[in-house]
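A.B. asks: Here is a sequence with its predicted model. Questions after.
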Amino acid sequence: MTITWNDSVPIYRQLRERVVAMILDGALNEGDPLPSVRQVAADFQINPLTVSKAYQELVDDQLVEKRRGLGMFVNDGAREALLKSERERFLREEWPTLFARLQRLGLDLKTLLREAGDGTEKPA
């Protein structure tokens, strides 16, 4: 698996967001172990300290826990906590800009739902 890093955001933040996305998407469930720091560092060819910093942020946010001698595990309730915080962040940070753009383009909810359909491409 390859990953392209964005130069404008620190790698540890991008790695943290990747784990968050995995929890939200259900790729990592409550009680699941996170890949080891060494494994992630080797897979993505990054410094183990970078991985440790990303994992520590997840611990600080109480999304994962360290189990001495066993590794890191997704906490119970992590997905629900993330859904709540990510929804709040979206509404606070992303929605105002998106809403303003939709207004400029003259798009409303009915049009968006009609045009987007179920998210699949329409036959030509």
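C.D. replies: That came in fine, so what should we check first? Residues are numbered from 1 along each chain as shown.
A.B. asks: Could you list the domains of the chain?
C.D. replies: According to automatic domain parsing, the chain comprises the domains 11-77, 79-116.
A.B. asks: I'd guess residue 97 is in a strand, am I close?
C.D. replies: No: counting by DSSP: H, G, I helix; E, B strand; the rest coil, residue 97 falls outside a strand, being helix.
A.B. asks: For it, the count of nearby residues, please.
C.D. replies: Per other CB atoms under 10 Å, the neighbour tally for residue 97 reads 9. In short, each C-beta sits where N, CA and C put it, glycine included.
A.B. asks: And the contacts of the strand or helix carrying residue 17?
C.D. replies: Using DSSP states H and E, residue 17 maps to helix 11-25. Helix 11-25 is contacted from outside by 3, 5-6, 28-29, 34, 40, 44, 46, 50-51, 53-55, 57-58, 63-64, 74, 78-79, 82-83, 86, using CB atoms under 8 Å, 6 or more residues apart in numbering.
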